[in-house]
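Student: Model the structure of this input:
(chains A and B)
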Amino acid sequence: MEITINNKPVKVKSNQTVMEAADENGIYIPRLCAHPELVPYGGCRLCIVEIEGRKGYPTSCTTIVEEGMIVRTETNMIQDMRRDLLQLILSEHPSACLLCQDIEGCSMFQGTIRKVGVTTGCRWCPKDKDCELQRIVESFDIKELTLPGLYRDLPVEKYDPFFDRDYNLCIYCGRCVRICNEYRKNSVIALRQRGKYTTIGPSFDSDHTDAGCEYCGACVSVCPTGAMSEKSRKWWGEPDKYTKSICPLCSINCEIQVLSLREKIVGTLPPGKPHEEAGELCVKGRFCLSELVNRTNRMLEPQYLFPEGYGIITWKEAIKNGGKLLKDIPEDSTAVFVSPDLSLEEYIAIAEFSAKALKTSDITSSCLDSGMIAYQRLAKKSVTIDRVRKSSSIFSLFLNGNYNYGPLTMAVKEAAFNGVPYYQLGWIKDSTSRFAEHAIIPLPGEETGILDDIISCLENGKCENEVVREISGQLKKKNSLIIAGPWILSLSNSFLIMDRIRRIVELTGSGLYMPDPHGNLKGMLSFLAVRPVESVLDKIEKGKIDLVYLIGDMPFKNRPAVGKIVCQSSFPFPGDLKPDLILPSTLWGETQGTWPGMNGSPVKTRKTAKTHDYALPHTEILSRLATASGIEGMKESVKSKIRKVPSELKPHLPAADISIPELSSVNKDNSMPFVFVREQSPNSYMNTDLSYAVEGLNELVSPDHLMMNPSDAGKMDIEDNASVIVSNNDTEYTYQVRIRKNIPQGVVCITSGNSESEFRFNPCYVKIRRPANV
Amino acid sequence: MNDLKRLRTKSISEWEEIRTPGEPVIYIGMASCGIAAGAKKVKSAIKESLDKYNINARLIEVGCIGTCYLEPIVDISANGLPRLSFGNVDEKRADFIIRKLLVDKDLSKTKPLGHLGPESSNGIPHLFEQSMLKPQVRIVTKNCGLIDPGNINHYLANDGYLGISRALEMKPSEVIEEITKAGLRGRGGAGFPTGKKWKTCRNAKSDIKYLICNADEGDPGAFMNRLLIESDPHALLEGMLIAAYAIGASQAYIYIRAEYPLAIVRLKKALEQAKDAGLLGNNILGSGFSLSIKIKEGAGAFVCGEETSLIHSIEGKRGMPRTRPPYPAESGLYQKPTVINNVETLGTAPHILRNGAEWYRQFGVEGNFGTKTFSLVGKIRRSGLIEVPLGTPLRKIIYDIGGGTLKPFKAVQTGGPSGGCIPAELLDTPVTYETLSSIGSIMGSGGLIVMDEDTCVVDIARYFLDFIQKESCGKCTPCRVGTRHMVEMLEKICTGNATPDILDKLESMAKLVQATSLCGLGQTAPNPVLTTLRYFRPEYIEHVKDYYCSALVCSKLIEFSVIKEKCTGCQRCVSVCPTGAITGPRSEPHNLDTSKCIKCRACYEVCRFDAIAGNAIIITSRKE
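Tutor: Sure thing, here's the model as predicted:
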């Protein structure tokens, strides 16, 4: 089809808008509310055009092209009206610097004036030079404000983690509301009230977290002005480099781009144009990663445990001491504990090092117990995220989608929104729960029982109830999908559950998707011959190990009874470990690396930041140590192996004792009305945990707090942060409460980095009371 | 069909019976206007009187006949006389009438307004000979105030559901033909040809289509839809049946504002009765056509009267408009083809189907056939709801029907907040869609607010614009921020704070808002300002330059004072003044302290009308 824009004939496709046609042909039309990922809105009115034969000034973003249409985008009338509309916007948006005649001279003296509490003009705004409104006003060469200022005087909202909201700068383009509703499908915020009292926020004055905000940052990305600003890079100014990378915080390996300034990582964004890509990231990849990398407690200098205590040493000395430790080390007397979050290069180097320098095959990871091995055995069958989207039905078990697995929950929501039946089994509501046909909250025992019922229904048609019948019926259809989450591993019946999942897949041919909270477990299992952690810990207990070498991993509660310990990591170890040699290493963004990636084929990432002070990459440390202990040529050997990395990784699982134990459960007792369930934190990274290390995530996840439903808390007069005593027939514990709307009634939940379970069964029945002296 | 025939025959005989009843039948006008005037108390008083005099009589609640200035209205059929109508009936007068008519059987001094047939009597004129009613052509309001809205039999007895019966014998396309030929135009305000809208929807390819009745009626001063639903809800239901059949919809919604609780109650009852009579639901009258109607209540937003906002509201979303095209007739509720019509448009359809397009075309003028209801309110002698053929000159409506104004006429505002003020020079303008927009106003939903010299047009413009700003949904920049600035400017004008260039600024802002707003609310918001500037510019200039409000309304520009020579010292004003601004001992001229005066007019009113007071308080406005 052909139309005419500004007397120029252009070829267009039949379903395009006039704005899209203009964009594709290099004709610029100003806009503030239009966004490539959103349904056209027509709110800002800046994109108005004249169309021959149509009265008035239709918005080009909402008008579909028609054969022979004649469009004019920049007549004098239109430009005047655009200027007037901008004046209207500027009468409500504090814009002191934008139209000041002293702009040239002033900017010389401004330095870091930006750090203010209230933004009154561009130089004081976190989005200075990155603001779409600023760009448009500057392009119109507006010299003064012709209308009186009617500023809103709203308080700046700073009480939520990760981003601030200054709605005095809001121009009501509605992009944030629409991206949350249409794209991420969380529907957290909306336009409230009307007229001059219009505001944006959650309905009924709820706070963001209670309204279900995942802190995915989509709204922050698409906001054209400084109304939304990321706390951690608020005053850094414009980044000077954008580098493609991947996020190493879970097995999904989302594509991201790293923003750096003077070679320091200041933030992360989804790939693509910064304001245009809302992305599918979760809060961890979007906000926590850069905060984690820049933590002030990172280990940055090598240290050695002298008789008098720790002393900082040079690398030369560190390597010399290390070499001394390793030289003539007896075979099979070293245990190596490796983090599941390293790159493929690092695993190849560790394999070489362990074989040649440490002369040991006792390599393991603290996450790799028999439970995780069984989990990975099943997870081998995982399909792609794209396949998740195309399922005919989805049954999700024990997946905590809150603050995790962004692309996975988005694929589920997208499918469910398009009518795909979705069923959820678990104890916490996440952003997918409202799409579920049935969101089942299992009582202790039912978490396995339901799966047994489904198997029975599939095998011989005896369906326990309608829900079981419905789910089984859906699973039998082609392209059905089961999603299972690593929460399974925290449950007492984990092996039974995994066995039942295996059996259901066998019976139905259902697809399977099983994410895990580690960035490169797959890579580790492909390049390292690992042992189950139980066998190595057993060896240590039996006194057969002399040297423990920790590479980014921390499997112990206290110092084990061994001769020497070497710690090679980026984050500090607990005080009572007392390693003999501390070697600080770089993190993911500070070296290049190869990762499994989202779509099956390995992805290479580039170095995005300068190495922190004296930390060295793992591969460098190991190769220097190897040389110091008399092994030559490790570097070359590793390099040649890296070149041969196959296009598809084949994880190899160690043999493990996976005997299926008896079903453990507890009987219902009317005196114990609550279901208590614990979740091992899915936020560990190297030897630290994001939900403890990053303040914002700590607020959201509230580890070690007893999460409770507001109605239950209200009935017992329990306030947020109050102490309660939780008990069953065996024991009792005291916890601090955190009240959260996404916990169902009758359930209390704990997420913790510490894997010990206080009660014998998980989940179990408990009763709750307030301490006596309250 | 046969069931309906039987039901109709029964209804007709029931209706005939109460027209010439054995026992007296008493009708009480109990629409919202009547109740506001005190009809509930009058009903209790009537019951008491009947008890007192030991009379058995039937009481029937009817709607409103439209002569609201005469409310409460009570009609009585008794003693073999035709039904007699009485106005301004309070409790005392009710008792008096009952005693005289039903006990003494003597009409003298009861002052009936007129009779409603069947035959004339005793020199009492027919009710419709009244000046307010005589020039009217009552098609849509035919039954209002005459029948019981809660009794489907009354509707059936008065040609009810004959329209849909005839329509079901035609093809849907033939029904649309009839409506098109009749020239019916949307009565909600835009005047879009109804037949064309129905045809577009009929031709749209979809398995599901919807019909929506827009009963949001947000215009201040407009109550045409309310009156029709409270007085004759079945007229609306029959209209919806015809429309749904024509377009091929089997699900309809009535979006009615929550501020009409009585209308909602009566509508729900009518729906029940229609369902029981087989006129709603599956296989209506054996035709194979099915329709179910749901009621959706609004939640107080004026913008939800705009069709795309209304659709979003029904869908459970924020009541915010979207750009058109696509128009709802192609893609509306849940993205299906949807026809949205005003209550009055739908209420007209049964009459057209019953009597034919040719019959309808005898009323009105070319391009504007038929009649339109108007709410005639404001400074008019006879206020209420009227129905006149389109093309009737404004002068006839205001003077012949409305009886003119007490004080000199100044302007009439048509079309609510989207319309404009029409000055005396233009009163010969016939009321049609085109002529009204050619003089800068619009027909709108039919509000006619009459103003006299005591009304300040600048204040009126400010009032309407303030209303619009509060109701703006906030989506588009020009309406959200532009109207805010216009209100600020008008406030400055009304408080004597305006700069000399403010009228130009006001006009250019008005034109910007008009040209660039997304929906009708913003696009028509500047109309009150633009028309008053066009026809009453001197009044604006007086406010700006001379700080002079000739109507003596704008409180910051007026001053109250006492003419000492006329003051009788009665202290009436002292007792009503809320701030103690007026002081003075008995029998001595009083003092007014302007610094305490809040311009509430209480003293002014009491001094004017109280018998003892001397009409000594005057209002003046600065003039340089």
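
Student: residues touching the residue of the stretch 401-550 of chain B found nearest chain A, list them.
Tutor: Closest approach between the stretch 401-550 of chain B and chain A, counting by Cβ to the nearest Cβ: B:G474, at 3.3 Å. (C-beta placed from N, C-alpha, C; glycine too.) B:G474 makes contacts with A:172, A:191, A:193-195, A:198, B:480, as judged by Cβ atoms under 8 Å, 6 or more residues apart in numbering or on different chains.

Student: Next: B:L84.
Tutor: B:75-77, B:101, B:107, B:112, B:114-116, B:124.

Student: Okay, and which of these map to helices?
Tutor: Using DSSP state H, no member of these falls in helices.

Student: want to try TSV for those residues, with neighbour count as columns?
Tutor: As requested, the contacts of B:L84 are exported to TSV (neighbours: other Cβ atoms under 10 Å in any protein chain shown):
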residue	neighbour count
B:D75	24
B:I76	22
B:S77	23
B:L101	21
B:L107	17
B:P112	21
B:G114	19
B:H115	23
B:L116	19
B:I124	17
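
Student: Between those, which sits nearest B:A57?
Tutor: Of all these, B:A57 sits closest to B:I76, with 8.3 Å by Cβ to Cβ.

Student: Which strand residues bridge the closest one?
Tutor: Here B:I76 sits in beta bridges with B:I26, B:L84, as judged by DSSP bridges.

Student: OK, contacts around it?
Tutor: By Cβ under 8 Å, 6+ apart, the contact set of B:I76 is B:24-27, B:83-84, B:86, B:97, B:101-102.

Student: Would you mind listing which of the contacts of B:G474 are buried?
Tutor: A:172, A:191, A:194-195, A:198, B:480 (16 or more other Cβ atoms under 10 Å in any protein chain shown).

Student: what sits against residue 499?
Tutor: Just so you know, I chose chain A. Applying Cβ under 8 Å, 6+ apart to A:D499 gives the contacts A:I660.

Student: other chain: chain B
Tutor: B:T499 makes contact with B:K492, according to Cβ under 8 Å, 6+ apart.

Student: Spit out the contact partners of the closest residue to chain B within the stretch 51-200 of chain A.
Tutor: Going by Cβ to the nearest Cβ, chain B is nearest to A:T198 of the stretch 51-200 of chain A, at 3.3 Å. Shown in contact with A:T198 (Cβ under 8 Å, 6+ apart): A:172, A:191-192, B:473-474, B:480.

Student: if we take the contacts of B:I76, which one ends up nearest to chain A?
Tutor: Distances from chain A to those, taken by Cβ to the nearest Cβ, are shortest for B:Y27, at 42.6 Å.

Student: Just the pLDDT at the residue of the stretch 201-350 of chain A found nearest chain B, thanks.
Tutor: Across the stretch 201-350 of chain A, the shortest distance to chain B (Cβ to the nearest Cβ) belongs to A:S203, at 9.9 Å. The confidence metric pLDDT takes the value 92 at A:S203.

Student: which residue sits closest to it in space, ignoring its chain neighbours?
Tutor: Excluding the flanking residues, the one nearest A:S203 by Cβ to Cβ, 6 or more residues apart in numbering or on different chains is A:A190, at 5.7 Å.

Student: any weak-confidence spans in the chain?
Tutor: I went with chain A, as the question did not name one. Applying pLDDT under 70 to chain A flags the ranges A:110-114, A:612, A:664-665, A:774.

Student: ah, no, chain B please
Tutor: For chain B, the ranges with pLDDT under 70 are B:1, B:120-121, B:624.

Student: So which bits of it are right by chain A?
Tutor: Chain B comes close to chain A at residues B:301, B:303, B:318, B:320, B:322-323, B:325, B:469-478, B:480-482, B:484-485, B:488, B:508, B:512, B:515-518, as judged by Cβ under 8 Å from any Cβ of the partner chain.

Student: Next, count neighbours for residue 50.
Tutor: I went with chain A, as the question did not name one. Neighbour count for A:E50, taken as other Cβ atoms under 10 Å in any protein chain shown: 16.

Student: should've been chain B
Tutor: By the criterion of other Cβ under 10 Å, B:L50 has 18 neighbours.

Student: quick one: contacts for it?
Tutor: Each residue near B:L50 by Cβ under 8 Å, 6+ apart is listed here: B:56-57, B:98.

Student: So if we follow the domain assignment, how does the chain break up?
Tutor: Chain wasn't specified; assuming chain A. According to automatic domain parsing, chain A comprises the domains A:2-74, A:118-293, A:303-371+A:520-643, A:383-513, A:674-769.

Student: try chain B instead
Tutor: B:14-127, B:161-360, B:365-452, B:457-546, B:555-621.

Student: Please indicate which of the contacts of B:L50 are buried?
Tutor: Using 16+ other Cβ under 10 Å as the burial test, those include B:57, B:98 as buried.

Student: Using the three-state scheme, assign A:S251.
Tutor: With DSSP: H, G, I helix; E, B strand; the rest coil as the basis, A:S251 sits in coil.

Student: Tell me how far it lies from B:D501.
Tutor: Distance, A:S251 to B:D501, using Cβ to Cβ, to the nearest Å: 67 Å.

Student: neighbour count winner among those two?
Tutor: Using other Cβ under 10 Å as the criterion, A:S251 and B:D501 rank with A:S251 on top: 22 against 9.

Student: any idea which helix or strand comes after the longest helix seen in chain A?
Tutor: Ranked by residue count, the top helix of chain A under DSSP H comes out as helix A:76-92. Using DSSP states H and E, the helix or strand that follows helix A:76-92 in sequence is helix A:103-106.
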